[in-house]
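1. Dropping the sequence and predicted coords here.
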2 protein chains.
Amino acid sequence: MMPQRSLTIDTDKTTRTTYVLGTQLTVNVNRCAPPLAKSFSVKCTPNVYYKVTPQASGRSAVPYPLTTNSILIVTMDTVSETANDSKLSVRYYGEKTESLGDAVLHLTAVEISLDVDADRDGVIEKNNPNKGSWKWGPKGHGAILLVNCDSETKYSKKVDSEVEEISKVSEYQLLNLFLKDYMIVVGRGKLTQEVPYLGGKSELELFAEGLRFPDKDFDGLITINLSLTEPSAKGFPESPVFTDRVVFHISPWIMTPNTLKPVEVYVCSTKDNTTFLNSIENLVDRCGYKLKICYEYMNRGDRWIQDEIEFGYIDSPHHRFPVVLDSPRDGDLQEFPYNSILGPDFGYVTRYALNEKVTSLDSFGNLEVSPPVTVNGKNYPLGRIIIGVAFPTATRGRNMTKVVQDFLWAQKVQEPIALYSDWLVVGHVDEFMTFVPAPDRKKFRLLLASPDAGYKIFKSLEKQGYGKEKMFPGLPEAITVNEIVNDTKLQAGNRYVQNCIDWNRDVLKKELGLEEEDIIDLPILFKMIEEKSGTRAVAYYPDMVNMIVLGDQLGIPKPFGPQVNGKCALETEVSSLLEPLGLKCNFIDDFAPYHKLLGEIHCGSNVRREPSPFKWWNVEL
Amino acid sequence: MMPQRSLTIDTDKTTRTTYVLGTQLTVNVNRCAPPLAKSFSVKCTPNVYYKVTPQASGRSAVPYPLTTNSILIVTMDTVSETANDSKLSVRYYGEKTESLGDAVLHLTAVEISLDVDADRDGVIEKNNPNKGSWKWGPKGHGAILLVNCDSETKYSKKVDSEVEEISKVSEYQLLNLFLKDYMIVVGRGKLTQEVPYLGGKSELELFAEGLRFPDKDFDGLITINLSLTEPSAKGFPESPVFTDRVVFHISPWIMTPNTLKPVEVYVCSTKDNTTFLNSIENLVDRCGYKLKICYEYMNRGDRWIQDEIEFGYIDSPHHRFPVVLDSPRDGDLQEFPYNSILGPDFGYVTRYALNEKVTSLDSFGNLEVSPPVTVNGKNYPLGRIIIGVAFPTATRGRNMTKVVQDFLWAQKVQEPIALYSDWLVVGHVDEFMTFVPAPDRKKFRLLLASPDAGYKIFKSLEKQGYGKEKMFPGLPEAITVNEIVNDTKLQAGNRYVQNCIDWNRDVLKKELGLEEEDIIDLPILFKMIEEKSGTRAVAYYPDMVNMIVLGDQLGIPKPFGPQVNGKCALETEVSSLLEPLGLKCNFIDDFAPYHKLLGEIHCGSNVRREPSPFKWWNVEL
């Protein structure tokens, strides 16, 4: 239905008003009529159209009888060339059809609309009927806005949208609206602004930049209203004539699962990791991806590049770019994401913990995302975010900070799952799980660390007469298969660990809609460490599930398992589990520079991947 | 599907675990198998049930062949009498069906569930399958919680839920969970708590109280998780066994439209309003409602009881009570709602403006609610809230404070409509609109003040020869009909006012799905007043639309219009418009104590009404 505007006319005085194309003027003819009027007729210039309701019955209905609800509906279809160039008049008649006066209306037709790309094809269309509301899904509508979180500046770099400190960005500051010359029309706390009407067919180009990501107190929707007012009598305020409205949804920050194609691999160079770095360089080179080394002057010895940052992206029909989420962890890598990653078309966003202690669970080894899944008929075409928390056991456990959790949940399109990771000393979900691509079933497998699977190998080796073979052969830690199998304390710890991982297995099966056949158990043992804050687990030998996934090439921590026929029994087992899926297992020695420091290859690397081909606005929430 | 729990068993050691009725234990038989095992068989006590998947083909499938994904599913259907009284064992066989060992499992079956009234019938049911999520609508589910915002205390009164100042209520404090003896289990910032398991068939009664209404940063949903943990090996943390979850939705605060039956009428007694008070007393008495007079020691001369408070209610299947919303206006009536209304089963809620100037638009004469409507197929069975703001004209107009607007929008079930009211000196929507019950159409009419309708009467009187009759007869303000009709300045002002009201008419038609026939124009003139902050409007004579609606009895400001045949022409017109709807017009003199102070009967009264028979949780959002 066309927007309607009620208008009063007057037999005493000519009424002048602005008519906006595409609207209807409705005149309550009775309310404006002179006393004793019984009927009326209408005349107008050719470019003005009118209709009278209720429609008078019979054919000889002119003049129209005047009833309580006689409404005259006026429209025009072309813009006026000069002010007041279009006219309409209503003549009122008394009992005996004598004229009681003419109410004259002068009209100036204008075309005015606030236009956006509401159909999401990358092109701004004219006056889309759905531009004023947001609807998710492939049949949805509503325009999309990006947070201007990259940085075009070269010197004294700042995120483009920020002229003030982040902590000062109030909730009013969701959007800046600029004129062509970068003059801010709306934004920076100024919520409304008068703009002169230019007239004719001229267009006023406005540019919008998002300032904040969706969060707990902001659902991502921004409404912009344009109102046209016209002068009333002298000395009175202007009266409203027309309002137009558009709605934008800010693009959420979106994570990329292991099943998406890698673009760049990030790794730190440290004093002690040359051999490891060479192995990674070889692997990445062979795959044809780009390797980005974070050198020591920047990493200051902090090698845990998985933990400091998470790569994601923001997307709209007209533009898309990667955005790095900076963890509140803030180790010595703290300045790397802002100083070295933020740049033109590479955005940056972070969250600061408020009155909360940042713990190891705030590292982004504890933030992963599943491949696309369907769960009980509900589609997650961008997958689901996975984080680790203290639930369900601890009344005083460590947790991921509320600000980061709130941020992740507020992005909506990858509804998070909270796993139990506080049983680990380091406490990251990537210590017991990962996803690898697969050609069949759901196009991926969930890999889980499994002490049971580990013991099965060691017991089997013992049975087969390899009891005196050594785990960690040639290393100071070397220990026989027999010793491992017979270590009851190690066994008890691993039983506990298996319980904890099994809890997460059940959550993941339910929340990702997985069956047993979608899961592969990797043979990994853990050991328990007593600390002041409690007894928690770490990997006993290099934690193979903590791998880097580069397409079909896997960079897996070399486990240093017992040798059988000149081959590592653990490598043999893992290869036999993964190679049938078309995956290549590259076992890389991370023992000294990573494993012994309680991390592995995944913790020490990061991968920027291509965005999903699925458009987030097509998610059906 | 039953909740599943993965469990490990062991041929070396008996496994003991707690089984929760209604769940499935899933044992990956292969992962737990001793090396070289090829098949297995299962034995158990009679109260234990098991199933093996994948189901072995053929009938002679015992012992079962051991495959990669052999899963044993174990269930029980009765609570254990003593610990570990139920048993199951798996025997593994090698190539030649020789036994390789038994994995023994001892089970203790318990019944544990967190129970709520998820089907919303007022009675807590056992383990409702939908208790863990919230769904709106008559086919919806999920439990309901009230904010404990009434006060049972008699001396040094406090809202029951508050032991600290409101300003200190953090966002964590959404709920208190008590044991029978008022010991807090969860709440007051403590988010988790260990509770010992009592065993057997004993029930632990928990009591929940809501602490906060839905608001911008709180969607009204509260999740409570109950986790069962059991000891692992000595020195290790407990492992999680089972989690149960219930969801509550806090009742929104709900307003009551004029079409609902009144219960109590509130009015202030002041030095100068005795006659008015008598008239109201007569009217209320005749209707059979209760009159509550706020005496001067309490109101301290502030008579605008409409503006200080808005009556609403909160509702659940088990309990319901009225809740007064206290305006941030805070005139001399400031202490009345807390001191005199808050009490047992009468709740109180308020919002404090933050860094914002409180204006006249924060008075609750500027907060109304429509009767139930259907708009383009969308139902609003509880009506829609209506507020007045500066939009669409002002770049620097007055507004309703953000905190109150946020609160109103967050209640969700009466989605607000913002009208333009800043063109009035006082700036309240009740100065130009109200709703009255009607027997036909949508069961109500929208009444709008209309200068056009006003001029029509005065011009008509002039035409009929009553030009010398006086408006305000007998009052110092007396003025002839001729003078009014010929006052061009008054005319220009009313043309402007009509434009402003017409703008709102169009918004209301659109947002409430009204047709012209649903609207009645009342003949009311305004005058413009120049103030420092701009030129704005006030009612020229008592503003009849600012009436009190008590069922079919209307208490209307006596307009003091020109006399025709011994009757006020304005009263005659208004009666002729409203009486055909079965309404009785009682014109009450509010000239000196209200009209001259820029308010009328509605501003000076308040009505508590019966809650809607429609239950808010049945709204389909």
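-> Yes, it's here. Note that this is a predicted model, so its numbers are computed, not measured.
2. Hmm, A:K131 is touching A:D115, no?
-> Yes: with contact defined as CB atoms under 8 Å, A:K131 counts as touching A:D115 (7.4 Å). (Each C-beta comes from the backbone N, C-alpha and C, glycine too.)
3. Looking at those two now, which is surrounded by more residues?
-> Counted by other CB atoms under 10 Å in any protein chain shown, A:K131 and A:D115 do not tie: A:K131 has more neighbours, with 24 against 16.
4. quick one on the thing from earlier: now list whatever residues contact both of A:K131 and A:D115.
-> A:V246 (CB atoms under 8 Å, 6 or more residues apart in numbering or on different chains).
5. In the stretch 251-400 of chain A, what residue lies closest to chain B?
-> Residue nearest to chain B within the stretch 251-400 of chain A (CB to the nearest CB): A:P392, separated by 3.8 Å.
6. tally of neighbours for that residue?
-> The burial count for A:P392: 22, using other CB under 10 Å.
7. Across the sheet, point out what pairs with the nearest residue to it once chain neighbours are set aside.
-> Distances taken as CB to CB, 6 or more residues apart in numbering or on different chains place B:S227 nearest to A:P392, at 3.8 Å, with adjacent residues excluded. Beta-bridge partners for B:S227, by DSSP bridges, are B:T243.
8. how about whichever residue of the stretch 51-200 of chain A sits closest to chain B, secondary structure?
-> With CB to the nearest CB, the shortest gap between the stretch 51-200 of chain A and chain B falls at A:T192, namely 4.4 Å. Under DSSP: H, G, I helix; E, B strand; the rest coil, A:T192 falls in the coil class.
9. Give me the pLDDT for A:D85.
-> On pLDDT, A:D85 comes in at 95.
10. residues near it, how many?
-> For A:D85, using other CB under 10 Å, the count is 13.
11. Now it: phi and psi?
-> phi -80, psi 0 (degrees, to the nearest 10).
12. Show me what the helix or strand that contains A:R608 is packed against.
-> Per DSSP states H and E: A:R608 is located in strand A:605-609. In terms of contacts (3 or more CB pairs under 8 Å, 6 or more residues apart in numbering or on different chains; DSSP states H and E), strand A:605-609 is packed against strand A:262-268, helix A:305-308, strand A:309-315, strand A:548-550.
13. want to throw those into JSON lines with distance to chain B?
-> Output for the helices and strands packed on strand A:605-609, formatted as JSON lines (distance: least, CB to the nearest CB, whole Å):
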{"stretch": "strand A:262-268", "distance to chain B": "30"}
{"stretch": "helix A:305-308", "distance to chain B": "24"}
{"stretch": "strand A:309-315", "distance to chain B": "24"}
{"stretch": "strand A:548-550", "distance to chain B": "22"}
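14. B:E483 is nearest to which of those?
-> Among the helices and strands packed on strand A:605-609, the nearest to B:E483 by CB to CB is strand A:309-315 (66.1 Å).
15. in its sheet, what does the closest one sit against?
-> Sheet partners assigned to strand A:309-315 using DSSP bridges are listed as strand A:254-255 (antiparallel), strand A:320-326 (antiparallel).
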